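K.L.:
Here is a sequence together with a model predicted from it:
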Amino acid sequence: MLKKLSIRKRIVVVLAVIYVASIAVAVAGGGYVLLKDMEREAQEKTDLFAAVMSSSAKYLHNVIRPKAEKLVPADAYFPESGVGVLMLTETARYVQEIYPEYIFRYASPNPLNQESLSNQFEDGIIDQMEAGEVGEWKGFTERDGKSYYAVAKPLVAGSDCISCHDVPEVAHPEQVEQYGTRSGYGYMEGDVVGARFIYVPIEMVKIQAYQRILYFSIGFSIFFLLVLFAVDRFIVTSIVRPIEHIVSVAEKISRGNLDAEFDIKSRDEIRSLADAFERMKVSMAKAMDILRQ
């Protein structure tokens, strides 16, 4: 098919194919790089959120709980002073007042507080942790129609959890009255009873990534069109017009006009072709002179 096209059109077609292939490779490669960059940025945000929560948990365990055990009567019901899950959940509520798009939650298939009941996605992650398949899970997921980058770490029942989560009969009466007896009990020390989930929204990051790809594609296309225009001008000036001139002069000579000149100023292969035609014209003129004699 290309053989039927002019040189100019062939080169344009080849350049167009190169453009389509290169833009596809560039967009695919750029998309992969931006995806990794988006993942890195989301990971940094989740790490920061997790560091804040972990620091709060350490402060509770090292400072608040020891003092609370001394100051609060043994029979008093004051879980906020010693239950890390409760304190961090409440702390996360204050954080979410400022950053409502972030989600921090302890999820369990068997929670005391039904607000912490795990959904289908979280159940799957907790099951993997319980089976020992993963120690920490991280990746992209959808929640309420929005895209998130999530990180999950297992919640393992410790010895201090058993007093509240063993059986309702040994739990504090106020706890039983508040949460009931249908869920949140039967924990065994060392069991994975849930997981800490941190969800970081990536919609804005994803939009920015798509915009970068779009801007790059537009910029690359403009650059390639300029290159295509420059190449086309070069082809027309350096190849097409000289060849057309040679063809025109050759036709005049073939009609007997031996005064026509091959006026080629370049010093390339086209000039060599013109010189060859010029020698052929001289030879033709000598042959005609001989014939006349």
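P.N.:
Perfect, I can see it now. None of these values were measured; they are calculated from a predicted model.
K.L.:
my read: Ala42 touches Ile202, true?
P.N.:
Yes: the pair Ala42 / Ile202 is scored as a contact, 5.4 Å apart, by CB atoms under 8 Å. From N, CA and C alone the C-beta is placed, and that goes for glycine too.
K.L.:
residues shared between the contacts of these two?
P.N.:
Tyr149 (CB atoms under 8 Å, 6 or more residues apart in numbering).
K.L.:
residue boundaries of the strands in the stretch 51-200 of the chain?
P.N.:
Along the stretch 51-200 of the chain, counting by DSSP state E, counting those that start in this stretch, strands occupy 103-107, 137-143, 146-156, 192-201.
K.L.:
Now the second one - C-alpha only, PDB.
P.N.:
Pointing back at strand 137-143 there. In PDB, the C-alpha atoms belonging to strand 137-143 read as follows (Å, rounded to 0.1, in the frame of the first residue of the first chain):
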ATOM      1  CA  TRP A 137      -2.500  -5.700  54.400                       C
ATOM      2  CA  LYS A 138      -2.300  -2.700  52.200                       C
ATOM      3  CA  GLY A 139      -3.800  -1.800  48.800                       C
ATOM      4  CA  PHE A 140      -6.600   0.000  47.000                       C
ATOM      5  CA  THR A 141     -10.300  -0.500  47.700                       C
ATOM      6  CA  GLU A 142     -13.700   1.000  47.200                       C
ATOM      7  CA  ARG A 143     -15.900   2.200  50.100                       C
END
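K.L.:
Helices of the protein, residue ranges please.
P.N.:
Taking DSSP state H as the criterion, the chain carries its helices at 7-59, 65-71, 84-98, 120-130, 159-165, 173-179, 203-235, 241-254, 269-292.
K.L.:
sorry, back to before: if you compare the strands of the stretch 51-200 of the chain, which one is most tucked away?
P.N.:
Among the strands of the stretch 51-200 of the chain, strand 192-201 has the highest mean neighbour count (mean count of other CB atoms under 10 Å), at a mean of 23.
K.L.:
That one versus helix 84-98: what angle between them?
P.N.:
Relative orientation of strand 192-201 and helix 84-98, computed by axes from the mean of the first three to the mean of the last three CA atoms, to 10 degrees: 10 degrees.
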